[in-house]
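Participant: predicted coordinates and the sequence they were generated for:
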Amino acid sequence: MRAIQIGVIGPAGLDDATSRAAERVGELIAREGAVLVCGGLGGAMEAAARGAVSAGGMTLGILPGASADDANPYIKTVVVTDMGHARNAIVVRSSDAVIAVGGGYGTLSEIALAMKCGIPVVGLNTWRASRGDGLKAPTLTAATPEEAVEKAISAARGRA
């Protein structure tokens with residue numbers, strides 16, 4: 001049986017609170033025995049990977065560029081895509097569930113891709129989507145990193 005893979009998405013530029021939240025999410029993912037999947041660069045991706053590695057976890061970075069050397073120092077396994085933002089689809093599709101921690105437009109695109117693909121999304125201080133007619137996007141929300149990881153692991157297991 002393969003390990004659950006939890007994607008962590010979030011901004012490249014982030015404040016201290018978001019950095020701490022992403023790092024804690026990564027740590028908790030590792031403690032659950034899941035693989036952390038991310039975009040492999042800085043910001044929330046690096047903070048989450050740092051947390052996972054500190055807890056002895058596995059990290060997988062899906063890089064947008066052409067060089068494995070672009071990966072942050074906490075990425076243990078690298079996939080080089082040379083696809084730019086299109087690599088977001090690979091991050092999402094490689095995840096059994098996704099946790100969005102904060103985020104900009106790149107994060108929003110990954111949330112939308114996950115919802116389109118039926119991959120559960122847990123939001124921690126991130127985008128909340130709704131249509132003009134009031135229909136809300138089917139994302140789960142969390143108030144803490146602990147709640148976010150608990151919901152993501154549960155949703156990932158539910159898909160298996």
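Facilitator: Received, thanks. Keep in mind it's a predicted model, so treat the numbers as computed, not measured.
Participant: burial of L124, as a residue count?
Facilitator: 27 (other CB atoms under 10 Å). In this view, the C-beta of every residue, glycine as well, is placed from N, C-alpha and C.
Participant: so what does it look like in phi/psi?
Facilitator: phi -120, psi 100 (degrees, to the nearest 10).
Participant: dump the residue contacts of it.
Facilitator: L124 sits next to 21, 25, 99-102, 141-145, 148 when contact means CB atoms under 8 Å, 6 or more residues apart in numbering.
Participant: and after the helix or strand hosting I6, which helix or strand comes next?
Facilitator: Following DSSP states H and E, one finds I6 within strand 5-9. As assigned by DSSP H and E, the chain's next helix or strand after strand 5-9 is helix 16-31.
Participant: and the contacts of that following helix?
Facilitator: Residues from elsewhere that reach helix 16-31, judged by CB under 8 Å, 6+ apart: 6, 8, 10-11, 14, 35-36, 43-45, 47-59, 99, 101-102, 124-125, 145-146, 148-149, 152.
Participant: now, of these, which are buried?
Facilitator: By neighbour count, with 16 or more other CB atoms under 10 Å, the contacts of helix 16-31 hold 6, 8, 10-11, 14, 35-36, 43-45, 47-53, 57-59, 99, 101-102, 124-125, 145, 148-149, 152 as buried.
Participant: any idea where the helices of this protein begin and end?
Facilitator: 16-31, 44-54, 88-93, 105-117, 145-159 (DSSP state H).
Participant: let's have those helices in JSON lines, adding distance to D70.
Facilitator: Shown next, in JSON lines, are these (distance: least, CB to CB, whole Å):
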{"stretch": "helix 16-31", "distance to D70": "19"}
{"stretch": "helix 44-54", "distance to D70": "11"}
{"stretch": "helix 88-93", "distance to D70": "15"}
{"stretch": "helix 105-117", "distance to D70": "16"}
{"stretch": "helix 145-159", "distance to D70": "26"}
